[in-house]
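Peer 1: After the sequence you'll find the predicted model.
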Amino acid sequence: MESPAKAKTIEAILGKDFEVKSCFGHIRDLVKNDMGIDVNNNFNPTYIVPPEKSKVVSDLKSLAKKSETVWLASDEDREGESISWHLAEVLGLDVKTTKRIVFHEITKPAIQKAVLNPRIIDMNLVDAQQARRVVDRIVGFELSPVLWRKIGMSGGLSAGRVQSVAVKLIVEKEREINQFTPVSSFKLEATLAATDLNNKTVSFKAEGAKYNNETDAEKFLQSCIGADYKVKDIQVRPGKRTPAAPFTTSTLQQEASRKLGYGVSKTMLLAQKLYESGKITYMRTDSVSLGETAMDAIKAEISSSFGSTYLQVRKYKNKNESAQEAHEAIRPTYMENKSVGDPDLNRLYELIWKRTIASQMADAELENTTAKINISTNSQELTASGQVIKFDGFLKVYLESTDDEDENDGDDSRLPNLTVGQVLAFEKMTATERFSKHAARYTEASLVKKLEELGIGRPSTYAPTISTIIKRNYVEKKDKEGVKRDFRVLRLQNDEVRKITDQENTGAEKSKLFPTDLGLVVTDFLSQHFTKVMDYSFTANIEKEFDEIADGKMKWNKMVGDFYTPFHEGVEHTLENAERAVGERALGNDTESGKPIIARMGRYGPMVQIGVAEGDEKPKFAKLKPSQSIETITMEEALELFKLGAPLGEHEGLEISVNIGRFGPYVKFGDQFISLPRGEEPSGVTLERAIEIINAKKFEDAPIAFYDEKPITKGKGRFGPFIKWNDMFINVPARYNFENLTQADCNELIEKKIAKEANRFIQQWPEEKIAVENGRWGPEVVYSKKRLRLPKGKYTAESLATVSLDEVKAMILAMDPKAFDKKGPAKKKAAVKKVAKKK
């Protein structure tokens with residue numbers, strides 16, 4: 001099986017007759033150096049065991065030879081079936097006879113039942129997973145080079161079948177928001193009072209009609225001066241609330257996000273741990289059904305904890321017709337266990353427990369009261385609404401959250417006991433300006449919900465898809481700060497209408513998904529040239545075809561062939577004919593020079609430029625701030641960026657300026673570049689502040705000690721605290737007091753590093769930038785920051801200690817024939833004048 005934690009739990013259940021081992025996930029994958037798929041031979045894939053898995057495979061082969069029987073017990077979904085098949089292939093087991101067992105919970109009855117009812121590997125499921133892997137590799141392998149050539153950027157771009165569509169959803173949402181214009185209206189609300197049965201005055205609110213402008217709202221309030229308010233009609237209607245179905249992968253991810261603030265990956269990591277320790281059923285499922293054994297346990301728990309009036313047995317039906325990745329919804333394995341020990345795991349476990357129990361509980365019974373109230377001075381009326389929970393039912397345990405941030409959780413909003421004809425006391429009436437809101441940006445969970453609605457992806461793909469698009473810098477997960485906005489309030493009180501201007505914070509968002517400029521440019525390019533791949537229904541249809549392969553209704557290589565032929569032709573056509581994409585947006589002309597100002601993607605990210613390259617004249621460039629975007633930056637904001645880089649003044653005879661570079665904002669002091677503290681805006685740095693930053697850097701770089709008469713300095717970098725000596729960076733472990741390093745500490749750290757480095761190098765030729773080193777997986781040749789792994793078993797450290805430089809160069813050339821080719825300046829291509837074709 002895949003996981004050592006899962007293996008440990010199952011070994012404890014099966015006892016001494018079984019030895020349960022983990023393969024630590026996938027043991028084989030497609031080769032990485034090329035596509036790994038023979039497109040001319042039925043898309044036959046080439047799999048290899050990666051070096052890091054060779055020991056695991058070797059150990060498993062040895063155990064398989066010694067064992068009487070080998071059972072394969074990887075997860076029950078398609079990916080798990082694929083892992084079992086790869087294990088059978090690598091371990092030399094017969095696919096047609098090897099025992100394969102599946103279970104959706106790690107409990108003694110479930111494991112014993114699985115062992116008593118083994119099956120063989122389901123090749124239809126294996127083929128479905130293989131088809132997914134092959135199609136995704138083809139898309140990634142063929143589309144990514146198109147992006148490299150047509151968009152560029154430093155660092156590799158990539159495209160994926162599902163990830164590109166997910167980014168498109170986020171891009172479309174962002175553009176919808178950017179084009180949105182809020183519309184204001186005035187919401188009318190009166191505060192009235194009535195005497196209840198205990199002779200106590202109770203205030204309550206009643207709403208009136210909305211008004212589109214201030215004039216009409218004020219006119220209405222004026223008309224209410226001196227009015228009496230009388231109850232015209234009261235209606236009492238019963239209502240009910242019904243519990244949500246038990247969790248699927250997608251709904252668990254959504255609720256954990258809303259209620260616990262967990263990202264999709266964290267939710268799946270915790271759910272995996274709960275499953276492997278036998279606490280919940282399998283966590284990758286799109287089924288909402290519950291098994292008979294589970295239903296009996298749930299009914300018993302509800303009856304004993306809440307009473308039989310709270311029990312209402314329900315059978316939920318899957319909305320998704322292809323819900324077949326697992327047999328049951330996500331639920332606790334033992335309903336009597338209401339919690340687990342680990343606090344982090346317990347929060348998710350309690351959520352699953354409550355949702356499962358609530359799904360079989362009675363409806364909540366409500367009483368909804370609506371009162372219509374007449375205004376004596378005009379023909380308008382007010383409406384007061386109240387809701388009372390008569391029987392809490394499932395609400396005693398659990399209430400599903402929603403993505404609507406304004407929606408309340410349906411608590412009691414009780415009205416006083418009113419009667420028709422009753423005259424009510426008037427306290428005040430307000431007309432408050434409210435603004436329409438744009439659609440909410442996606443959270444990780446709401447994106448999963450949308451992908452599921454569109455039929456894109458499956459339970460096992462949601463978390464990796466989101467992780468990939470964030471990692472590739474197509475999407476950012478971040479908070480957005482709100483901005484202050486004025487709003488108007490008209491208040492009628494004591495027969496006088498007063499106007500007030502108040503302020504509110506608007507637009508604040510937490511943990512939302514925003515497209516980066518790179519994501520916008522890549523999405524536009526792919527949507528223009530690969531319409532089908534970016535089409536939601538086409539992507540969903542491919543998922544249906546994978547389902548058909550899993551059901552044995554379609555051959556996997558035919559499905560891949562039908563996809564590949566038109567896709568490959570599109571790739572070839574795009575490479576040959578498509579223009580380079582830069583996401584260019586014209587902002588206008590510079591008032592001083594008259595030259596055009598454009599925002600576009602540059603080699604190191606989004607930027608603005610003044611002018612174009614003409615002859616010897618070069619355009620001016622400025623990098624956008626992290627908070628700015630090509631699509632929304634204004635002309636004024638762009639011109640402000642060009643003010644960066646201008647001299648602020650001098651310090652110690654050297655010029656000081658502030659600018660934004662490839663690695664972020666910095667202060668330039670002479671020839672020295674000093675990074676600004678994280679979060680500090682370069683536009684706000686004055687000469688005095690720049691000198692403070694320079695002095696702080698000088699203090700930081702001052703020697704803290706000396707070793708061998710050479711200075712030792714310290715700092716904090718990407719990988720944590722370090723000391724620097726003789727151009728050597730040495731990490732400082734946590735056991736040292738970094739703030740108060742002693743001379744003895746520094747001596748110890750340097751001597752350990754020198755000893756380690758002495759063992760690292762077999763031979764060195766610094767002037768040639770060539771070395772032979774002891775690598776992690778054996779001897780390596782290093783030249784010009786490149787590492788070449790030498791053939792395994794051919795060389796030893798001892799034999800390499802005596803080789804000459806010429807022999808090492810020959811080894812390099814054998815592996816990289818162009819290693820020592822001198823790279824001259826790039827030759828400019830002669831401009832080719834396009835001649836219009838004759839009609």
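Peer 2: Thanks, I have the structure now. Residues are numbered from 1 along each chain as shown.

Peer 1: Longest helix of this protein, counting residues only.
Peer 2: For the chain, the helix that runs over the most residues, judged by DSSP state H, is helix 123-150.

Peer 1: can you pull the buried residues of that helix?
Peer 2: Residues of helix 123-150 classed as buried: 124-143, 146-147, 150 (neighbour count, 16 or more other Cβ atoms under 10 Å). C-beta coordinates here come from the backbone N, C-alpha and C atoms, glycine included.

Peer 1: Spatially central residue in the chain, please.
Peer 2: Central residue of the chain (Cα atoms, centre = their mean): Ile466, 3.9 Å from the mean position.

Peer 1: give me the element that one is part of.
Peer 2: helix 462-471 (DSSP states H and E).

Peer 1: what mean pLDDT does that helix have?
Peer 2: Averaging pLDDT along helix 462-471 gives 90.

Peer 1: Output the contacting helices and strands for that helix.
Peer 2: Counting contacts by 3 or more Cβ pairs under 8 Å, 6 or more residues apart in numbering; DSSP states H and E, helix 462-471 packs against helix 161-178, helix 249-255, helix 264-276, helix 444-454, strand 475-480.

Peer 1: what separates Thr293 from Ala131, distance-wise?
Peer 2: With distances taken as Cβ to Cβ, to the nearest Å, Thr293 is found 35 Å from Ala131.

Peer 1: how long is stretch 42-49 from one end to the other?
Peer 2: Stretch 42-49 has an end-to-end distance of 22 Å (criterion: Cα to Cα, to the nearest Å).

Peer 1: mind listing what's buried in that stretch?
Peer 2: Under the neighbour-count criterion of 16+ other Cβ under 10 Å, stretch 42-49 has 43, 45, 47, 49 buried.

Peer 1: now swap in stretch 9-26 and tell me
Peer 2: For stretch 9-26, burial by neighbour count (16+ other Cβ under 10 Å) applies to 9-10, 13, 20-23, 26.

Peer 1: again, but for stretch 68-80
Peer 2: Using 16+ other Cβ under 10 Å as the test for burial, stretch 68-80 gives 70-80.

Peer 1: Would you agree Asp94 is in contact with Arg100?
Peer 2: No. Asp94 sits out of contact with Arg100 when judged by Cβ atoms under 8 Å, with a separation of 11.7 Å.

Peer 1: Pick out whichever of these two has more residues nearby.
Peer 2: For Asp94 versus Arg100, neighbours defined as other Cβ atoms under 10 Å are more numerous around Arg100 (22 against 10).

Peer 1: Identify the residues contacting the more buried one.
Peer 2: Arg100 is in contact with 71-73, 81, 84, 118-122, counting by Cβ atoms under 8 Å, 6 or more residues apart in numbering.

Peer 1: Please apply the same query to Thr574.
Peer 2: Shown in contact with Thr574 (Cβ under 8 Å, 6+ apart): 146, 150, 529-530.

Peer 1: Repeat that for Ser784.
Peer 2: Here Ser784 is in contact with 769, 819 (criterion: Cβ under 8 Å, 6+ apart).

Peer 1: how about 6 Å then?
Peer 2: Residues in contact with Ser784 (Cβ atoms under 6 Å, 6 or more residues apart in numbering) are Lys769.

Peer 1: Lys769 versus that one, what's the distance?
Peer 2: According to Cβ to Cβ, Ser784 and Lys769 sit 5 Å apart.

Peer 1: can you check Ile704 too?
Peer 2: Where Lys769 is concerned, Ile704 sits at a distance of 31 Å (Cβ to Cβ).
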